[in-house]
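Student: Sequence and predicted model, in that order:
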Amino acid sequence: MSGISIIQALQGGLIVSCQAPAESPMHQPEVIAAMAEAAVNQGAIAIRLDTPAHVKAVRQKISLPIIGLWKQQIPGFEVYITPQFDHAAAIAQAGADSIAIDATARSRPNQETVATLIERIHTELGKLVMADVDTLAAAIAAADAGADLIGTTLYGYTAETQHLRPPGFDLLAELVKNLQVPIICEGGIASPQMAKQALDLGAYAVVVGTAITGIDLQVKAYATALSNQHSVARGMERSQGHQIHLPQ
């Protein structure tokens with residue numbers, strides 16, 4: 001598919017982020033590939049993935065667009081979504097159609113800039129770029145640098161926005177109003193209704209991850225809530241001076 005046709009294929013659709021913590025059994029490439037295949041079977045129009053191994057595994061299963069990235073923790077730097085060109089190159093080689101990068105204003109390794117990274121991905125890899133941003137200013141800079149897609153992915157995850165909580169619907173509305181680049185709403189979409197709301201606000205497409213594929217975080221949230229409720233019940237037992245038999 002050409003770059004234009006890939007972007008057109010995303011319009012108005014659901015992009016499913018198939019990721020898992022590195023320590024999770026779900027992190028195995030074949031498991032991620034099964035997630036992606038199941039998502040596509042049920043109507044997802046693209047998949048977002050982390051690591052070359054996962055991109056390669058999914059590429060063997062689906063022909064729809066893949067947005068790839070490689071999360072890397074580099075000492076002394078806060079950027080972690082495809083922070084350097086070498087990471088982008090590995091994702092491209094694995095079979096991604098678009099490379100997602102951290103496009104915030106934070107400092108980057110080797111004096112690389114968002115603009116130079118986007119240019120190299122375009123010219124040396126021939127791939128589209130999805131710029132993950134946190135603010136309107138970062139989005140404008142990414143658009144000026146040639147980003148093909150801009151996502152609200154990092155809203156609430158940087159020092160400048162840590163007081164804010166995804167989904168970034170206010171940021172989404174600003175980006176749609178001020179930019180011509182397709183805007184992808186990503187982060188904090190927890191229900192089909194919220195996904196539709198994002199499209200109603202002008203999002204070109206919507207990325208959903210944890211609410212669909214995040215079994216580790218989802219189960220932990222449920223288990224924590226039930227554990228807290230169990231503790232409350234035990235506390236009531238003690239205060240009332242008798243025992244309530246709860247199922248274990």
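Tutor: Received it, and whenever you're ready, just let me know what you need. None of the values given here were measured: they were computed from a predicted structure. Residues are numbered from 1 along each chain as shown.

Student: need the contact list for A53.
Tutor: Applying C-beta atoms under 8 Å, 6 or more residues apart in numbering to A53 gives the contacts P29, A94. No exception for glycine: its C-beta is placed from N, CA and C like everyone else's.

Student: For it, give me the pLDDT.
Tutor: The confidence metric pLDDT takes the value 98 at A53.

Student: That one in helix, strand or coil?
Tutor: Following DSSP: H, G, I helix; E, B strand; the rest coil, A53 is assigned to helix.

Student: what about stretch 76-87, average pLDDT?
Tutor: The model assigns stretch 76-87 a mean pLDDT of 96.

Student: Sheet partners, orientation included, of the host helix or strand of G68?
Tutor: Per DSSP states H and E, G68 falls inside strand 66-69. Here strand 66-69 has these sheet partners by DSSP bridges: strand 46-50 (parallel), strand 98-102 (parallel).

Student: per-residue confidence averaged over stretch 183-196?
Tutor: 97.

Student: buried set for that stretch?
Tutor: Applying a neighbour-count criterion of 16 or more other C-beta atoms under 10 Å, one finds I183, I184, C185, E186, G187, G188, I189, M194, A195 buried in stretch 183-196.

Student: now swap in stretch 87-97 and tell me
Tutor: H87, A88, A89, A90, I91, A92, A94, G95, A96, D97.

Student: quick one on the thing from earlier: any chance of the strands paired with strand 66-69 in CSV, plus distance to V207?
Tutor: What follows is the strands paired with strand 66-69, written out as CSV (distance: least, C-beta to C-beta, whole Å):
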stretch, distance to V207
strand 46-50, 6
strand 98-102, 10
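
Student: Adding distance to W70 and mean neighbour count, write the ones you listed out as TSV.
Tutor: Output for the strands paired with strand 66-69, formatted as TSV (distance: least, C-beta to C-beta, whole Å; neighbours: other C-beta atoms under 10 Å):
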stretch	distance to W70	mean neighbour count
strand 46-50	7	27
strand 98-102	9	28
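
Student: out of those, nearest to K220?
Tutor: Nearest to K220 among the strands paired with strand 66-69 is strand 46-50 (19.1 Å), distances taken as C-beta to C-beta.

Student: can you map out the strands along this protein?
Tutor: With DSSP state E as the criterion, the chain has strands at 14-17, 46-50, 66-69, 98-102, 128-132, 149-151, 183-186, 205-208.

Student: average pLDDT for the fifth one?
Tutor: So the one you mean is strand 128-132. So the average pLDDT for strand 128-132 ends up being 98.
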